[in-house]
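[1] Predicted model, plus sequence, below.
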Amino acid sequence: MKSPAAPLPSSRPLGRESNHRPRNATKAAWIASAVFLAGVWGLVFYHIHTEWVVNVVYSYGWAVPFLALYLGWERWNNRPRPDYPPAAWAVIAIAGLLVVAYLPVRVIQEANPDWVKINWSMMGIAALLTALAAWSIGGLRYVRHFAFPILFCYTALPWPIWFETALVQNLMRVNAEICAEILTIFGMPALAQGNLIQIAQSFVNVEEACSGIRSLQTAFMMGLFLGEFQRFTVGRRVALLALALGSAFLLNMARTLVLAYLSTRDALDRYHDLVGNVGMIGTLVVVWLSSELLRRKRPAAAGVEKQSAPELVRAPFIATFAALAVAALLTAEFLTQRWYASHEEKMPAAQEWNIAWPRAAKNFREFPFHERSLALLKFDSGETVSWTDGTGYRWQAYHLQWKPGRVSKYLAMSHYPTVCLPATGLELYSESGQWDCVVQGIRIPFRTYIFREDGRSDVYVFHAIMEDRPLEENFTFSYYQVNSTERISSVLRGERNLGQRVLGLALRGSFSPTEAREAVEGALSAMIKRGPATREPVATAALSSSRSRAEHD
């Protein structure tokens, strides 16, 4: 008896009654693919989340993964019919190259966690793998459909340093000038001096958080999210972003005016954070209200049955490949740690010491760090103090510390007298080179400077940058701008953040450089103590910001 002819493949409903599914159409393939993609994004967000911790400007980054996941889920529930997917071998080949590329990118990122280029590259690997998964499932139609949730994840990353710096500086100057004019009109004569607003004898420092940048970046992210949430047209999305950015700047300008008024009532410190939080909340409320106003009124579609999402034939990746890719990612993490650990094992043990400031001295004061300083430096702990000693010398000092492995070792270089002090009105007069001050067996490589204050009195500044490990023989530190070549060279040497310190002392008075050095050595002999710190620092940088000023490329 002649057997009936088998039906043509085209006669079977896709993904339904057929018993001959593709290899990656099984439940195991879907689970393995989901674990692989979740692992990639989990590693990426884990390695870039330090910026959210130490940078108050990007603290909203904690919400981005969840918002992106929600947008992706909404797109999944409204997915179109699959297009023509690529061949399985093409998907495996491209995905394999991206997984292999993860290792060198990760090794570089470990030593340069603040490098914008490398963080964008790392997220690019995750984004391309996700787009590749969409292409494998439903062709280019699915890539276009899921593009927005994938690209939305980039809002969690810091903006390029050149762009953010230019934007911050311009916003601060414009903010200061406009607010000074408004205050003058309302009977409070004010003068804008760069980023400062002077009212009588008080000054208001218009930092980036007061000029719109902090709320600006949060408003930008929320504007993108709400535009997608409401499924606005391109025109409405652009209008929403314009309203979001404009409201962020105007509300922060209102914040500056309030802070300027409070500074004349000696209430600036008391209400500074409250005014900032109110401004941030107000910005988010305005962005939400703007999205509601722009929302198109849609008539209810009565009697129209909602169509179910099309059933899919195959998973993004073959189960075997997805499992091997997960193993490759874990191996990359292991090799990264071993690369640096193998070099660090050859280094001498770190020196533990701390500073006990002369808190009983005359006129001793502690000062908080400005948000701008916290944003640039990202240190783990820091103190800045002043006092007058028994001989009448007036001292100012700062001590910043970065714990091993938390952020880039190059951050310590971004706090430097020739960069920071001229902004306060001091003029560099001369530089005396390096002076190694040895106290309690600890060698501190000071660079010494003489600044002029008001063109007359001398200010002796001693500034040292050091790692926690003992210095090598004939070590000479010179300040330089960190470029891509230096960053890669440090990776090849197996050097990452081993823990750094910045110690600086400024001494005012009429005396010779030799007398100034003797005074510094005597003061440090009484203040430096061997062993771990015994008290909490005055200020911590758990709420600090953006990348190092040393990163210019």
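    Sure thing, it's come through.

[2] Show me the shaky parts of the stretch 51-200 of the chain.
    The model of the stretch 51-200 of the chain has pLDDT under 70 over residues 165, 169, 193-196, 198, 200.

[3] Now with 90, please.
    Low-confidence regions of the stretch 51-200 of the chain, defined by pLDDT under 90, span residues 51-60, 79-88, 111-116, 158-200.

[4] can you pull out the strands in it?
    Using DSSP state E, counting those that start in this stretch, the strands of the stretch 51-200 of the chain run over 190-193, 196-199.

[5] pretty sure Lys529 is touching Asn354, no?
    Yes - under the criterion of Cβ atoms under 8 Å, Lys529 makes contact with Asn354 at 5.6 Å. (C-beta placed from N, C-alpha, C; glycine too.)

[6] how many other residues sit next to Ala254?
    Residue neighbour count, defined by other Cβ atoms under 10 Å, stands at 16 for Ala254.

[7] Equivalent analysis for Pro149, please.
    Using other Cβ under 10 Å as the criterion, Pro149 is surrounded by 20 other residues.

[8] In contact with it: list those residues for me.
    Counting by Cβ atoms under 8 Å, 6 or more residues apart in numbering, Pro149 touches Ala68, Leu69, Leu71, Gly72, Arg75, Glu228.

[9] Would you list the buried entries among those residues?
    Using 16 or more other Cβ atoms under 10 Å as the burial test, the contacts of Pro149 include Ala68, Leu71, Gly72, Arg75, Glu228 as buried.

[10] Now the third one: closest residue in space that isn't a chain neighbour?
    In this case it means Gly72. Pro149 (4.0 Å; Cβ to Cβ, 6 or more residues apart in numbering).

[11] Quick one: list the elements packing against the helix or strand where Gln217 lies.
    When secondary structure is defined by DSSP states H and E, Gln217 falls within helix 213-229. Taking 3 or more Cβ pairs under 8 Å, 6 or more residues apart in numbering; DSSP states H and E as contact, the helices and strands that helix 213-229 lies on are helix 64-77, helix 147-152, helix 161-185, helix 234-263, helix 268-294.

[12] That one: which residues count as buried?
    213-228.

[13] ok, those residues vs Ala360, which is closest?
    Comparing the buried residues of helix 213-229 against Ala360 with Cβ to Cβ places Arg214 closest, at 38.4 Å.

[14] Looks like Ala260 contacts Ile197 (just checking).
    Yes - checked against Cβ under 8 Å, the pair Ala260 and Ile197 is within contact range at 5.6 Å.

[15] helix, strand or coil for the closest residue in space to Arg447 that isn't next to it in sequence?
    For Arg447, ignoring the flanking residues on the chain, the nearest one in space by Cβ to Cβ, 6+ apart is His463 at 5.2 Å. Reducing the assignment at His463 to three states with DSSP: H, G, I helix; E, B strand; the rest coil gives strand.

[16] Next: Phe369.
    The assignment at Phe369 comes out as coil when based on three-state DSSP.

[17] Tell me, what's the model's pLDDT at it?
    Phe369 is assigned a predicted lDDT (pLDDT) of 73.

[18] ok, what's across the strand from Arg394?
    Beta-bridge partners recorded for Arg394 (DSSP bridges): Thr388, Arg508.

[19] Tell me how far it lies from Lys362.
    10 Å (Cβ to Cβ, to the nearest Å).

[20] Tell me which of the two has more neighbours.
    Neighbour count, other Cβ under 10 Å: between Arg394 and Lys362, Arg394 has more, with 15 against 11.

[21] give the contact list for that one.
    Shown in contact with Arg394 (Cβ under 8 Å, 6+ apart): Ser386, Trp387, Thr388, Leu507, Arg508, Gly509.

[22] Could I get the contacting residues of the fifth one?
    Residues in contact with Arg508 (Cβ under 8 Å, 6+ apart) are Tyr393, Arg394, Glu453, Ser457, Asp458, Val459, Tyr460.

[23] Do you have the strands of the stretch 451-553 of the chain handy? List them.
    Listed in chain order, the strands found in the stretch 451-553 of the chain under DSSP E, counting those that start in this stretch are 457-467, 500-508, 528-530, 539-540.

[24] per-stretch mean pLDDT over those, give me the minimum one.
    Of all the strands of the stretch 451-553 of the chain, mean pLDDT reaches its minimum on strand 539-540 (a mean of 36).

[25] distance of Pro104 from Thr336?
    With distances taken as Cβ to Cβ, Pro104 is found 10 Å from Thr336.

[26] where does the residue nearest to Gly72 sit relative to Glu228, distance-wise?
    For Pro149, the distance to Glu228 under the criterion Cβ to Cβ works out to 8 Å.

[27] okay, and the common contacts of the two?
    Contacts common to Pro149 and Glu228, judged by Cβ under 8 Å, 6+ apart, are Leu71.

[28] low-confidence ranges in the stretch 451-553 of the chain?
    For the stretch 451-553 of the chain, the ranges with pLDDT under 90 are 451-491, 493-523, 525-553.

[29] Next, the buried residues of stretch 136-146.
    For stretch 136-146, a neighbour-count test (16+ other Cβ under 10 Å) marks Ser136, Ile137, Gly138, Gly139, Arg141, Tyr142, Val143, His145, Phe146 as buried.

[30] Same question for stretch 30-45.
    For stretch 30-45, using 16+ other Cβ under 10 Å, the buried residues are Trp30, Ala32, Ser33, Phe36, Leu37, Gly39, Val40, Trp41, Leu43, Val44, Phe45.

[31] would you put the C-alpha positions of it in CSV?
    Taking only C-alpha atoms (Å, rounded to 0.1, in the frame of the first residue of the first chain), the coordinates of stretch 30-45 have been written out as CSV:
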residue,chain,number,x,y,z
TRP,A,30,14.8,29.6,25.5
ILE,A,31,16.0,29.2,29.1
ALA,A,32,19.6,29.1,28.1
SER,A,33,19.3,32.2,25.9
ALA,A,34,17.5,34.1,28.7
VAL,A,35,20.2,33.2,31.2
PHE,A,36,22.9,34.2,28.8
LEU,A,37,21.4,37.6,28.0
ALA,A,38,20.5,38.3,31.7
GLY,A,39,24.1,37.4,32.6
VAL,A,40,25.6,39.8,30.1
TRP,A,41,23.4,42.7,31.2
GLY,A,42,23.9,41.8,34.9
LEU,A,43,27.7,41.9,34.5
VAL,A,44,27.6,45.2,32.6
PHE,A,45,25.4,46.9,35.1
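
[32] who touches it?
    In this structure, residues lying in contact with stretch 30-45 by Cβ under 8 Å, 6+ apart are 24, 65, 102, 122-123, 125-126, 129-130, 133, 153, 156, 315-317, 319, 322-323, 325-326, 329, 333.

[33] Narrow these to those in helices?
    With DSSP state H as the criterion, helices contain 65, 102, 122-123, 125-126, 129-130, 133, 319, 322-323, 325-326, 329, 333 from among the contacts of stretch 30-45.

[34] Tell me how many other residues crowd Lys27.
    As a burial measure, the neighbour count of Lys27 was computed by other Cβ under 10 Å and equals 9.
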